[in-house]
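Asker: predicted model and sequence below, questions to follow.
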Amino acid sequence: MVKKVVIVGAGPCGLLLAHYLLSRGDKYEIDIYERRSDPRIVSFSTSRTYPISLNERAMRALRKIEGLEEAVKSKSLEVTGTIFHQKNGKTRVTPRNKSLFTLDRTSLAIVLLENLNQKYDNKLNLNFNCQCTSVDFVAKTVTLKKVVEASVVEGKHEFTVDYDLLIGADGANSQIRENFFATKNFECQQKYVPNDYKSIFLPRPNENSSINLEQGKIHSWIINDSTLIVLLHQQDGSMSGVVLFLRKKNQIVNLSNTEEVLTFFQNNFPEVYQMMPREEAEAFLTRPVSRILTIRCNRYHQSDNVLLMGDAAHAVSSSIGQGCNAALEDVVLFNNLLDEYSDNIGEVVEQFTVRRKEDAHALVELGDNAFPSTIVLFIEFVLRESIAKTLHKLFPHRFSPSISELIFETVVPYSEILNSYKGWISKVKKSNAKLSTNL
C-alpha cells in the first residue's frame, strides 16, 4: 500500500528526504508544502539567504542519490582552510585536511528542487506559498493556508490535507513542533544565543583593487568587542557572509546612517571596507538583525506517524556551521531506519528519537560552546587548534584531532566530539555565562 507523506518545509532537509523516499520505488506519495515562494522563479532578496559550508556529513548524504553530489559541487566553491585576519594586517592560516564546499542556501535548494522535478515530476506534489497553521494528530490531518496579500480576507484560503506520515522540516520556528506542546510529556528548550547577526554581501573586487582575499579559504576577523565577520567566496567572485555581534553593548546596534556604517568598517575591518560599495553599506544599515534560536527537544516524534527533522528538531548556533550538515545527516539516519525496520513507519519514527537525541543535544552544546565569544579565548582557541593539529599529525594514535577538524572534516558522532573536549567546552560555557550576565 502506498503511504502518503506530507513534508512541511522545502529547505535542504525536506527536499533531500523527498529524494530518498521517492528512490525507494512506489512505496511513497510525496506532498511538500513551503511557506515561501518557489526560489526557481522568484528573485529572493539577498537578505533572505546566507552561505553554508557542506562537509563530509552532508556530502555523504548527497552522494547516496545519483548525481546530487556532482550537481551541488558544480554550484559550489571548494574550501581548503581558514584565514584569520588581524587588525595589523597579519594573518594566520589554518589548513584543512578535507575540503568543504560552500554555496548559498537558496542555490542548494534550487539544485535539489531541479533534480527532484527531473526524476520524479509525476510522483511529486510541490506547493509553495503554503503555511502550516495546525495539526490534528488524531485525525491525521494538517491545516494550511495560502500565503497571499494582506488585503485578502483571513481564513478564506485555508485547506486541510491528510497524511500517513507527517514530517516537520519547517525550521527553527517550526509550526509542526509548536503543535507538539499540546501533547503529553513533550519538553523543548528554546533559547536565543547571545550573538545576533546581519548578512553581508560584497561584489567582486575590481582589477585595480589592492585587496585580494584568497579564494578557497574562509576569511574571518574579530575585534575587541567580540564582533566577528566570516566571509566566503561565491562562484561569481563575490563574497558573502555574516557579521556576528553581541546583542547589547555593541557598535553595530548604534549605527544610524550610511556614513557611520562605512566608518565602522573602515576603522575595524579595513579589508572589508575597501570591498564595500556604498550601496551595500546602505543595505547593511536597513537589513534586519537576525537572531539565532537553538532547539533541544526530549523527543522528535509524536504518535507513530509524525517526525521533526533538521532545525525543527535541533536548531543550532551558526558558529560551527553544522545546521545544514546535521539536517542532511538526519535524512541518512531516517533512510537507514527504513531499511532496518522494513518501512515500518511506527518503529522508524520512534527509533529516530532514540538514535538521534544524544547526538542532537551534543550538537546544540557544541554550537553554543565550542567556539569562544571573547577575543581572549579566541586567541587561546587558535593556539589550541595549532597544537592539537601538530600533535595529532605526529602521534595520531595518542592525540585526537583538533575540535574543528572533528566537527568540520569527519563524520564522528557529535556526542563523541563533545565527550573528547569536555574541558574546553566547560571553559567556554563559563565564559559565555559570565558574558550573558553582563549584558
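Answerer: Great, that's in hand. Numbers count the residues shown, from 1 in each chain.
Asker: can I get the helix or strand of the chain with the lowest mean pLDDT as PDB, trimmed to CA atoms?
Answerer: Every helix and strand in the chain was compared by mean pLDDT, DSSP states H and E; the lowest is helix 422-438, with a mean of 82. Output in PDB follows, covering the C-alpha atoms of helix 422-438 (Å, rounded to 0.1, in the frame of the first residue of the first chain):
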ATOM      1  CA  LYS A 422      34.600  18.400  27.800                       C
ATOM      2  CA  GLY A 423      37.200  20.500  29.500                       C
ATOM      3  CA  TRP A 424      37.300  23.100  26.700                       C
ATOM      4  CA  ILE A 425      33.500  23.200  26.400                       C
ATOM      5  CA  SER A 426      33.200  23.800  30.100                       C
ATOM      6  CA  LYS A 427      35.700  26.700  30.000                       C
ATOM      7  CA  VAL A 428      33.900  28.400  27.100                       C
ATOM      8  CA  LYS A 429      30.500  27.800  28.800                       C
ATOM      9  CA  LYS A 430      31.600  29.500  31.900                       C
ATOM     10  CA  SER A 431      32.900  32.500  29.900                       C
ATOM     11  CA  ASN A 432      29.600  32.700  27.900                       C
ATOM     12  CA  ALA A 433      27.600  32.600  31.100                       C
ATOM     13  CA  LYS A 434      29.600  35.400  32.600                       C
ATOM     14  CA  LEU A 435      29.200  37.300  29.300                       C
ATOM     15  CA  SER A 436      25.400  36.800  29.300                       C
ATOM     16  CA  THR A 437      25.200  38.000  32.900                       C
ATOM     17  CA  ASN A 438      27.000  41.300  32.000                       C
END
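Asker: buried stuff in stretch 285-301?
Answerer: Counting neighbours by 16 or more other Cβ atoms under 10 Å, one finds that the buried residues in stretch 285-301 are 285, 287, 290, 292-297, 299-301. Backbone N, C-alpha and C define where each C-beta goes, glycine included.
Asker: so who does the residue nearest the centre of the chain touch?
Answerer: By Cα atoms, centre = their mean, the chain has its centre lying nearest to G323, at 3.2 Å. Contacts for G323 were tallied using Cβ atoms under 8 Å, 6 or more residues apart in numbering; they are 52, 310-311, 315-316.
Asker: how about 10 Å then?
Answerer: When contacts are counted by Cβ atoms under 10 Å, 6 or more residues apart in numbering, G323 touches 11-13, 52, 105, 171-172, 292, 310-311, 314-317, 363, 367.
Asker: okay, and which of the residues you listed map to helices?
Answerer: 12-13, 105, 311, 314, 363, 367 (DSSP state H).
Asker: can you add pLDDT and give the residues you listed back as JSON lines?
Answerer: JSON lines is the format used below for the ones in helices among the contacts of G323 (pLDDT from 0 to 100):
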{"residue": "P12", "pLDDT": "97"}
{"residue": "C13", "pLDDT": "98"}
{"residue": "R105", "pLDDT": "89"}
{"residue": "D311", "pLDDT": "97"}
{"residue": "H314", "pLDDT": "98"}
{"residue": "L363", "pLDDT": "97"}
{"residue": "G367", "pLDDT": "92"}
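Asker: and which of those residues is nearest E409?
Answerer: Nearest to E409, judged by Cβ to Cβ, of those is L363 at 16.0 Å.
Asker: tell me, how many residues neighbour that closest one?
Answerer: Counted with other Cβ atoms under 10 Å, the neighbours of L363 add up to 29.
Asker: picking up where we left off before, quick check: the residue nearest to the centre of the chain vs Y197, distance?
Answerer: Distance of G323 to Y197, computed by Cβ to Cβ, to the nearest Å: 13 Å.
Asker: and for the two, which residues touch both?
Answerer: In contact with both G323 and Y197: I292, using Cβ under 10 Å, 6+ apart.
Asker: residues in contact with stretch 423-430: which ones?
Answerer: Under Cβ under 10 Å, 6+ apart, the answer for stretch 423-430 is 362, 365-366, 368-374, 377, 380-381, 384, 388, 403, 417-419, 421.
Asker: and it, how far out from the chain's middle?
Answerer: For stretch 423-430, the distance from its own C-alpha centre to the chain's C-alpha centre is 23 Å (Cα atoms, centre = their mean, to the nearest Å).
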